[in-house]
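Trainee: Sharing a model that was predicted from the sequence below.
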Amino acid sequence: MRFNPKADISGGRVSDAGRGGGGGGGMRIPLPGGTRAGGGIGGILIIILFVVLTQCVGGGLPSPGGDSQPQGQPEGIDSGDQRYANCRTGADAQDDPDCARKAVALSLEQYWAETLPDQGDTQFAPSTINTFAGGVNTGCGQATSQVGPFYCPADQQIYLDTSFFPEVLERELGGQGGDFVEPYVLAHEYGHHIQNLMGTMGQVRTQQGPESDAVRLELQADCYAGMWTRHAEDSELITLDEGDIAEALDSAKAVGDDRIQQRSGQGVNPDGWTHGSSEQRQAWFSRGYEEGSLEACDTFSASSL
């Protein structure tokens, strides 16, 4: 992944909360190697998409059909932080992973600001990507780095502890890593933001199983990530190659429910799936990438996943 060195990335919406406290609600479930994650809908195991999201969905989050504006900056987020202060151009993004994150945030916002009203007939409101370490207070409650990256519908923010990628996704879940892994995850989380704006989260009724609504929600977010990836590939800001696409597909494979169950040593049980199998996740990311439309990503109308 490369960035146009002359591009202005100053508009990317990112913020940093620094190091916060521990704590965090929800049930804790051991993962392979001793890592722990939080519980989502009904206490279901969540790895990359994520506890707080599904808690809010299960808790009856009001539909965003009304006021779609975020409810202010979450507690613990310093709007005047300096972590991203020097991220101004694509050249900065090429040399600094923080600046690369800012450039990805800008690309995601620009893409959905155009695509959502055009294809979804829905007003767009941007999300902010918040980095933190240790713990953070959000509109969905307190969370720790143990829950992995997540989207909180209540404040319409994305939260990310960047240590998740080397420590969990690669070491514990066996992902190969690479510089496009984080953009794939951020694009997936931004996909949840789009679902929130469109009111799709209100369609979730069944919470476990390979054809459940919870799985359909997650696969749709993967599909939306594929849509953005195709756009990014052809944009003036980002240049991708086949290796980047392979990294995204490998990450989707690593966080498949069947893959996680296998690595836990407990055997594969499709009835417990909440995010979809590795094959499902790769297939829906690829579908978004190849077809590039909200209609193609309508997992809730699909007869089979």
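Mentor: Here it is on my side, so go on. Residues are numbered from 1 along each chain as shown.
Trainee: how far away is residue 294 from residue 82?
Mentor: 37 Å (CB to CB, to the nearest Å). C-beta coordinates here come from the backbone N, C-alpha and C atoms, glycine included.
Trainee: my bad, should have said residue 265
Mentor: Applying CB to CB, one obtains 44 Å for the distance of residue 265 from residue 82.
Trainee: again with residue 260
Mentor: Between residue 260 and residue 82 the computed distance is 37 Å (CB to CB).
Trainee: the more surrounded of those two?
Mentor: For the pair residue 260 and residue 82, the greater number of neighbours falls to residue 260 (25 against 8), based on other CB atoms under 10 Å.
Trainee: Report how many residues lie close to the closest residue to residue 257 other than its chain neighbours.
Mentor: Once its chain neighbours are removed from consideration, residue 257 has its nearest residue in residue 273; the separation is 4.0 Å (CB to CB, 6 or more residues apart in numbering). Here the neighbour count serves as a burial measure; for residue 273 (other CB under 10 Å) it reads 25.
Trainee: How about the contacts made by residue 273?
Mentor: Each residue near residue 273 by CB atoms under 8 Å, 6 or more residues apart in numbering is listed here: 208-210, 212, 215, 257-258.
Trainee: For residue 216, give its distance to residue 6.
Mentor: 41 Å.
Trainee: between these two, which one's more packed in?
Mentor: Shown here are residue 216 and residue 6; by other CB under 10 Å, residue 216 has more neighbours (23 against 10).
Trainee: Now do the phi/psi pair for the more buried one.
Mentor: Per-residue torsions, residue 216: phi -60, psi -40 (degrees, to the nearest 10).
Trainee: is it true that it touches residue 305?
Mentor: Yes. Judged on CB atoms under 8 Å, residue 216 makes contact with residue 305 at a distance of 6.8 Å.
Trainee: Now list whatever residues contact both of those two.
Mentor: residue 299.
Trainee: can you pull out the strands in the stretch 1-150 of the chain?
Mentor: Chain-ordered strands for the stretch 1-150 of the chain, with DSSP state E, counting those that start in this stretch as the definition, fall at 2-3, 14-19, 28-30, 36-38, 128-133, 135-138, 141-144, 150-152.
Trainee: Partner strands of the shortest one, with direction?
Mentor: So the one you mean is strand 2-3. The strands beside strand 2-3 in its sheet (DSSP bridges) come out as strand 238-239 (antiparallel).
Trainee: Now find how far off-centre the strand it pairs with is within its chain.
Mentor: Counting by CA atoms, centre = their mean, to the nearest Å, strand 238-239 is centred 20 Å from the centre of its parent chain.
Trainee: Now tell me what touches it from outside.
Mentor: Among residues not part of strand 238-239, those counted as contacts by CB under 8 Å, 6+ apart are 1-4, 103-104, 107, 232-233.
Trainee: Having no further points to raise, I will conclude here.
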